[in-house]
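S.K.: The following block contains a protein sequence and its predicted model.
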Amino acid sequence: MTDIFFYIFSIAALAGAFGVVFSRNTVNGAMFLIGTFLSMASLFVLLEAYFLAVIQVLVYAGAVMVLFLFIIMLLDVKESAARKTSLYTWAASVIGFGILIVGVVAINSADSIREKAASLPEATGVSLKSFGYELFTTYLLPMQVTGFLLLIAMIGVIALSKKAKAD
Amino acid sequence: MSPEFYQKIAETNQWGAIAPELALGILALSLLLLEIILPKVAHGAIPRIAILGQLAILVYAIANSCSGACVTGEAFGGMLFFDATGELFRVFFLGSSVFVSYLGMVSLEKKTLPQVEYYHILLVVTAALMLLAQANHFVMLFVALEAATVGFYILVSYFRHSVVSLEAGLKYLIMGALSSAILLFGIVLLYGAGSNPALEASSRDPLNFGNLEIFLAANSGDMLGLLGMLLVISGVAFKVGAFPFQIWIPDVYQGAPIPTTALLAIASKGAGFAMLLSLVQVFSPLSDWLVPLLSALAVLTILFGNFAALTQRNLKRVIGLSGVSHAGFLLIGVVAATKVEWATTAVMFYLFAYLLASIAVFAVFAHLEKEDDSEISLDDLGDLAKKNGFLGMALAIGIGSLAGIPPLAGFIGKMLIFVAALEAELYGLMAVAVVGAVVSIYYYFGILKSAFFEVWHFQDDDEDAPEEAEPGASLQFFGKVAILAAVAGTLILGFYQSPLSSWLSGG
């Protein structure tokens, strides 16, 4: 059962990724990206990393994508006509694809990795509860500092953008 | 994990031990509150309240600095580590922020910009830097560093009517984000390597400096660990402005408002070295790689900083590039600290001498009364000594100390670094440092030459020229005290080092 879901969501994630690359319309591309993020979140659920899945949906599919769409709106990108791919783009994509192939082959052919993986203790997803405990005990001080960081960022935006006083 | 386990961790949150940082945060918030409460006519008092408040915290921090009863060791679940060096950096950052607040008061007074926010952000940045100097965990280090850096982005572009200031802000934002990304990538690699249960001495919390040091000692050949170390050091080198990560310095120093330039030159550099001193300890198992890396950085930084400063005529660029070469000297001290224990004290002494000299120099720049402070060049110093003897004296002492002229504090600082390098048998580094010091005298004395020797005037031009404000016209009581204290400190440290050095070595 899990295997079937794994294949379904993997294919969905890949299809979304191809959609991002090949869509001419930037808004469509952004929508495909949301699809990829959601499929990735489902894969995390299959791995029992529920917290990561929730974060993936909230932060990436939610906040980051809204930001992307805002920028697309502000830049007012027209549907781009087919552009000539430059030599650099070709070279970069060939090299990148080559590295990907080498990586996949290396991982599949190295027995030592698989043997090691079998002997490792099973990774357990962080539960939301223990995450919360950690945040408010061990990492309490960094969290408070983060609060101040957000405060000065907000104040800075206001100070840099508000209209000069009339006097 | 049981709630009891977390309760035990929570008990290590000793808020009393970070009282100066807490007080700074509260002061920062109350400044905003005061702006709401106070009537408009009384708003001029807010900068003074900020300065007096910081002075009170500074006195408290000095009085409490390790007089036997201070907390030492880990606290906040391993986030912070209290020791004598941390206490010193607290005093260092507080001293620089008091002075920067004064400069802010001088240069913001004439502008129609939001005033209180500058001090608010400055105080938060200072508190973050103070925590950064005591960080014992990469999460704490990164969060504190980001809090400070975000504050810097705002402070650099604060004069938003000036195109140069905005450009500097944008450049700093992009370069800062890039360096943070490099640093973060390094931290993630270290986390991945250190938490791998298949390796010896791995731990559940590998971002803790102590745990990471144990892990690296057991796996000193680990590729991920080495790569992580390289990236983390590169990220920090960005912050101190070491070659080849110094490209942002001249433009950002030039465009930023003078108080922010002073903050970048003093506090940001100090923060970088606070991080380096603790990271050198963490990465000490990798010293076969770390020492050559830092040595190469030091050599290139000294040579680049000094030779690039030779051709500059803009004062802020000169000081920025000379700051690059100072970072090189300090890097030699850091390299020496891997072999000689007291070299840390030498680095601290150098930083304090640099702080005092920079205070004098930047105070003079702020009082040159130029309308556009990104365009202060050597020519604007013309006849400074004649027009205002007090500022001329401060400039002479400050520049002399930066150049390392005996008997000023800067000379003793350089000498301590040289002696430390000698003891650590870093002869090649010493030779480069001597060359750098000699070259630096050329441009430092170029500054003094234009301030002290007669400039040729075409008499008839002067009648048409609009009357420029006299240098030092806005010099206030605070400013005189700050300059006098910096000058006196520079002179006294040149003759009597024992009080500071015994305090520095935690005696």
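M.R.: Now that the structure is in, tell me what you want to look at. Fair warning: this is a prediction, and the values are worked out from it, not measured in the lab. Numbering: from 1, shown residues only, chains lettered A, B, ... in the order given.

S.K.: what's around the residue of chain A found nearest chain B, how many residues?
M.R.: In chain A, the residue that lies nearest chain B is residue A:156 (3.3 Å; C-beta to the nearest C-beta). (C-beta placed from N, C-alpha, C; glycine too.) Residue A:156 is flanked by 20 other residues according to other C-beta atoms under 10 Å in any protein chain shown.

S.K.: swap in residue B:84?
M.R.: By other C-beta under 10 Å, the burial measure for residue B:84, its neighbour count, is 19.

S.K.: For residue B:380, give its distance to chain A.
M.R.: Noted for residue B:380: a distance of 27 Å to chain A, by C-beta to the nearest C-beta, to the nearest Å.

S.K.: Please name the spatially closest residue to that residue (chain neighbours excluded).
M.R.: Leaving aside its sequence neighbours, residue B:380 sits nearest to residue B:368 (C-beta to C-beta, 6 or more residues apart in numbering or on different chains; 5.6 Å).

S.K.: For the one you found, give its distance to chain A.
M.R.: In terms of C-beta to the nearest C-beta, residue B:368 sits 25 Å off from chain A.

S.K.: quick one, what contacts that residue?
M.R.: B:376, B:380, B:381, B:384, B:471 (C-beta atoms under 8 Å, 6 or more residues apart in numbering or on different chains).

S.K.: try residue B:245
M.R.: With contact set as C-beta under 8 Å, 6+ apart, residue B:245 has these partners: B:179, B:234, B:237, B:238.

S.K.: Tell me, how many residues neighbour the last one?
M.R.: In this case it means residue B:238. 22.

S.K.: and what of the third one?
M.R.: Residue B:237 has 25 neighbours, counted by other C-beta under 10 Å.

S.K.: Give me the phi and psi angles of it.
M.R.: phi -60, psi -30 (degrees, to the nearest 10).

S.K.: Name the SS class of the closest residue to it other than its chain neighbours, please.
M.R.: Closest residue to residue B:237 apart from its sequence neighbours, by C-beta to C-beta, 6+ apart: residue B:245 at 4.7 Å. Three-state call for residue B:245 (DSSP: H, G, I helix; E, B strand; the rest coil): coil.

S.K.: Tell me how far residue B:245 lies from residue B:235.
M.R.: 9 Å (C-beta to C-beta, to the nearest Å).

S.K.: Equivalent analysis for residue B:319, please.
M.R.: 24 Å.

S.K.: Check residue A:60 too.
M.R.: Residue A:60 is 25 Å from residue B:235, by C-beta to C-beta.

S.K.: Give me the more crowded residue out of those two.
M.R.: In this view residue A:60 and residue B:235 are compared by other C-beta under 10 Å, and residue B:235 has more residues nearby, 24 against 17.

S.K.: so for stretch B:76-90, what's the average pLDDT?
M.R.: For stretch B:76-90, mean pLDDT rounds to 84.

S.K.: Dump that stretch to CSV, restricted to CA.
M.R.: Only the C-alpha atoms of stretch B:76-90 are listed here, as CSV (Å, rounded to 0.1, in the frame of the first residue of the first chain):
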residue,chain,number,x,y,z
PHE,B,76,20.9,28.1,28.9
GLY,B,77,21.2,24.4,28.1
GLY,B,78,24.6,24.8,26.6
MET,B,79,23.7,27.8,24.4
LEU,B,80,26.0,30.2,26.2
PHE,B,81,29.4,29.9,27.8
PHE,B,82,30.5,32.5,30.3
ASP,B,83,34.1,33.2,30.7
ALA,B,84,36.5,36.2,31.0
THR,B,85,36.8,36.7,27.2
GLY,B,86,33.0,37.0,26.9
GLU,B,87,32.9,39.6,29.7
LEU,B,88,35.5,41.6,27.9
PHE,B,89,33.6,41.5,24.6
ARG,B,90,30.5,42.7,26.5
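
S.K.: count of neighbours near the residue of chain B found nearest chain A?
M.R.: Proximity of chain B to chain A (C-beta to the nearest C-beta) peaks at residue B:154, 3.3 Å away. Using other C-beta under 10 Å, residue B:154 has 23 neighbouring residues.

S.K.: Which residue, other than its chain neighbours, is closest to it?
M.R.: Nearest non-adjacent residue to residue B:154, counting by C-beta to C-beta, 6+ apart: residue A:156, 3.3 Å away.

S.K.: The one you found contacts residue B:120, correct?
M.R.: No: in this structure, residue A:156 is not within contact of residue B:120 by C-beta atoms under 8 Å, at 9.5 Å.

S.K.: Point to the residue nearest the middle of chain A.
M.R.: residue A:60 (5.5 Å; C-alpha atoms, centre = their mean).

S.K.: now it, nearest residue through space, not along the chain?
M.R.: residue A:37 (4.7 Å).

S.K.: so the one you found is in which element?
M.R.: Take DSSP states H and E as the rule and residue A:37 turns out to sit in helix A:26-46.

S.K.: How about the next helix or strand after that helix and chain B, touching?
M.R.: Next along the chain after helix A:26-46, taking DSSP H and E as the criterion, comes helix A:50-55. No: residues of helix A:50-55 are not located near chain B by C-beta under 8 Å from any C-beta of the partner chain, the shortest gap being 15.0 Å.

S.K.: Show me what helix A:50-55 is packed against.
M.R.: helix A:26-46, helix A:128-136 (3 or more C-beta pairs under 8 Å, 6 or more residues apart in numbering or on different chains; DSSP states H and E).

S.K.: Identify, out of those, the most deeply packed stretch.
M.R.: helix A:26-46 (a mean of 18; mean count of other C-beta atoms under 10 Å in any protein chain shown).

S.K.: Which strands or helices does it pack on?
M.R.: helix A:2-22, helix A:50-55, helix A:65-75.

S.K.: any residues in contact with both of residue B:245 and residue B:235?
M.R.: residue B:179.

S.K.: Per-residue pLDDT of residue 129, please?
M.R.: By default, I'm working from chain A. We have a pLDDT of 78 for residue A:129.

S.K.: actually it's chain B I care about, not the one you picked
M.R.: Residue B:129 is given a pLDDT of 94.

S.K.: need the contact list for it.
M.R.: For residue B:129, counting by C-beta under 8 Å, 6+ apart, the contacting residues are B:89, B:93, B:144, B:148, B:267, B:270, B:271, B:274.

S.K.: And the helix or strand where residue B:303 lies, what does it pack against?
M.R.: Using DSSP H and E, residue B:303 falls within helix B:287-310. Helix B:287-310 makes packing contacts with helix B:223-240, helix B:315-337, helix B:427-452 when contacts are defined by 3+ C-beta pairs under 8 Å, 6+ apart.

S.K.: Put together JSON lines for the ones you listed, with mean pLDDT on each row.
M.R.: JSON lines is the format used below for the helices and strands packed on helix B:287-310 (pLDDT from 0 to 100):
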{"stretch": "helix B:223-240", "mean pLDDT": "91"}
{"stretch": "helix B:315-337", "mean pLDDT": "90"}
{"stretch": "helix B:427-452", "mean pLDDT": "88"}
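
S.K.: what about whichever helix or strand residue B:395 is part of, average pLDDT?
M.R.: Here residue B:395, judged by DSSP H and E, is contained in helix B:389-403. Averaged across helix B:389-403, pLDDT comes to 88.

S.K.: Who are the packing partners of the helix or strand that that helix is followed by?
M.R.: Using DSSP H and E, the next helix or strand after helix B:389-403 towards the C-terminus is helix B:409-423. Helices and strands touching helix B:409-423, by 3+ C-beta pairs under 8 Å, 6+ apart, are helix B:315-337, helix B:343-366, helix B:389-403, helix B:427-452, helix B:477-495.

S.K.: which residue sits closest to the most centrally placed residue in chain B, ignoring its sequence neighbours?
M.R.: Nearest to the mean C-alpha position of chain B, counting by C-alpha atoms, centre = their mean, stands residue B:267 at 2.5 Å. Of all residues not flanking residue B:267 in the chain, residue B:96 sits nearest, at 4.7 Å (C-beta to C-beta, 6+ apart).
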